[in-house]
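Q: here is my input; please provide its structure:
(one chain, ligands or ions: 1)
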Amino acid sequence: MAHYLASPYNYTVANRPYSSRINKIVIHVTQGSWSSAINWFQNPYAGVSAHYVIRSRDGYRAKTCSWKDIAWHAGNWSYNQTSIGIEHEGFVSNPNWFTDAMYRSSAYLSASLSKRYRIPIDRYHIIGHNEVPGSTHTDPGYYWDWYRYMRYVKYYRHYSGLM
Ligand SMILES: [Zn+2]
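A: So this is what the prediction gives:
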């Protein structure tokens, strides 16, 4: 994993989880390439960021914002304050981007976060951007395989030494 931190103009410095409880993970799709998403977060005029961007072909993770800071990804301030945002390289209209490597890498990350912050592994706490109240976004979209994703998160949480 590499660090490609977002511009400090695109997130809110905080001291989570002490000042605000992290209790959700929000799943996104970039609608562009992995590198273009990272570049956009580094643009001080973007006004958006996430905590991670995961690459399609191999599941490689870029950390773009510290967990303790509030990334601007959900389009809802209370959700931003209480969540971790994970971006996935691809387009909602094309399932070919959603590789098994990317699902596994993201699920391993979500399993780690669920352990660290005691986030329940269910669809009330691991949600799509489209499920955030007031969201105008459709990601991760129709082709995102929630069944596979949640199965992997549970697997990594319980069977990969993350207990
Ligand atoms: Zn999104």
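Q: for the rest of this, base every contact and every neighbour count on C-alpha atoms.
A: Fine.
Q: against L162, how distant is whichever residue of the chain sits closest to the ion?
A: The minimum distance from the chain to the ion, using C-alpha to the ion, falls at H28 (4.1 Å). Going from H28 to L162 by C-alpha to C-alpha, to the nearest Å gives 24 Å.
Q: tell me the first helix or strand C-terminal of the longest helix seen in the chain.
A: Counting by DSSP state H, the longest helix found in the chain is helix 100-117. Sequence-wise, the next helix or strand downstream of helix 100-117 (DSSP states H and E) is strand 126-128.
Q: show me what that next one is packed up against.
A: strand 24-29 (3 or more C-alpha pairs under 8 Å, 6 or more residues apart in numbering; DSSP states H and E).
Q: can you tell me which residues contact N43?
A: With contact taken as C-alpha atoms under 8 Å, 6 or more residues apart in numbering, N43 is in contact with A6, S7.
Q: quick one: contacts for the spatially closest residue to G47 that is not a sequence neighbour?
A: Using C-alpha to C-alpha, 6 or more residues apart in numbering and skipping the chain neighbours, the partner closest in space to G47 is N10 (4.8 Å). Contacts for N10 (C-alpha under 8 Å, 6+ apart) come out as F41, Q42, P44, Y45, A46, G47, V48, S49, A71, W72.
Q: now, of these, which are buried?
A: With burial judged by 16 or more other C-alpha atoms under 10 Å, the buried subset of the contacts of N10 is F41, Q42, G47, V48, S49, A71, W72.
Q: check what pLDDT the fourth one gets.
A: At V48 the predicted local confidence, pLDDT, stands at 95.
Q: again, but for the second one
A: On pLDDT, Q42 comes in at 95.
Q: the residue of the chain closest to the ion - how many residues pack around it?
A: The tally of other residues near H28 (other C-alpha atoms under 10 Å) stands at 28.
Q: and P8, how close does it get to D69?
A: As judged by C-alpha to C-alpha, P8 and D69 stand 10 Å apart.
Q: got any residues that touch both of the two?
A: By C-alpha under 8 Å, 6+ apart, no residue touches both P8 and D69.
Q: for the ion, what are the nearby residues on the chain?
A: Within the chain, the positions lying close to the ion (C-alpha under 5 Å from the ion) are H28, H129.
Q: how deep is Y18 tucked in, by neighbour count?
A: Neighbourhood size, Y18 [other C-alpha under 10 Å]: 9.
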